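S.K.: Quick one, structure for this:
(one chain, ligands or ions: 1)
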Amino acid sequence: MCIGCRNMKPKKDLVRIVRNKDGAVEIDLKGKSPGRGAYLCPDRECLARALKAKRIEKEFGAANMQDIAAGLEELFRACTPPDQKNEQADKGVNKQEI
Ligand SMILES: [Zn+2]
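M.R.: Numbers count the residues shown, from 1 in each chain. From the prediction side, this is the model:
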């Protein structure tokens, strides 16, 4: 489950965040690091929601939250396409339905 939008998704579609033995939170790109994990869509909106609700902090008691947020932001910027034109195209199609 994504801690941002709370949708159930396959783990392979989510980014894992893990708290290691030292209590520091890391982005676990391989999904295999030991420790307590949480999952997030590779989507900046989900990151923003999770941060706003302080879900990552609550989940991990993370002290290095700023670093994590910056790291995730950077990672997701690469994953999320800059334009959302497809969404607008879908709305146009719906309007023409009788
Ligand atoms: Zn999500």
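S.K.: Report the mean per-residue pLDDT for the top helix by length along the chain.
M.R.: If you go by DSSP state H, the chain has its longest helix at helix 65-79. Averaged across helix 65-79, pLDDT comes to 81.
S.K.: Ok, stretch 40-50 next?
M.R.: According to the model, stretch 40-50 has a mean pLDDT of 91.
S.K.: Is that stretch positioned near the ion?
M.R.: Yes - shown here: stretch 40-50 in contact with the ion (CB under 5 Å from the ion) through 41, 46. Placement of C-beta: from N, CA and C, glycine included.
S.K.: Relative to the whole chain's centre, how far out is stretch 24-41?
M.R.: 11 Å (CA atoms, centre = their mean, to the nearest Å).
S.K.: Residue 65: what's it in contact with?
M.R.: 25, 56-57 (CB atoms under 8 Å, 6 or more residues apart in numbering).
S.K.: Close to the ion: what parts of this structure are there?
M.R.: Counting by CB under 5 Å from the ion, the residues of the chain that sit close to the ion are 2, 4-5, 41, 46.
S.K.: Need the CA coordinates for the longest helix of the chain. PDB is fine.
M.R.: Presented in PDB, the C-alpha positions along helix 65-79 are these (Å, rounded to 0.1, in the frame of the first residue of the first chain):
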ATOM      1  CA  MET A  65      13.200  13.600   7.100                       C
ATOM      2  CA  GLN A  66      14.500  16.500   5.100                       C
ATOM      3  CA  ASP A  67      17.100  14.400   3.400                       C
ATOM      4  CA  ILE A  68      14.600  11.700   2.600                       C
ATOM      5  CA  ALA A  69      12.100  14.100   1.200                       C
ATOM      6  CA  ALA A  70      14.800  15.700  -1.000                       C
ATOM      7  CA  GLY A  71      16.100  12.400  -2.200                       C
ATOM      8  CA  LEU A  72      12.600  11.100  -3.000                       C
ATOM      9  CA  GLU A  73      11.700  14.400  -4.700                       C
ATOM     10  CA  GLU A  74      14.700  14.100  -6.900                       C
ATOM     11  CA  LEU A  75      14.000  10.400  -7.700                       C
ATOM     12  CA  PHE A  76      10.400  11.100  -8.600                       C
ATOM     13  CA  ARG A  77      11.200  14.100 -10.700                       C
ATOM     14  CA  ALA A  78      12.900  11.700 -13.100                       C
ATOM     15  CA  CYS A  79      10.000   9.200 -13.000                       C
END
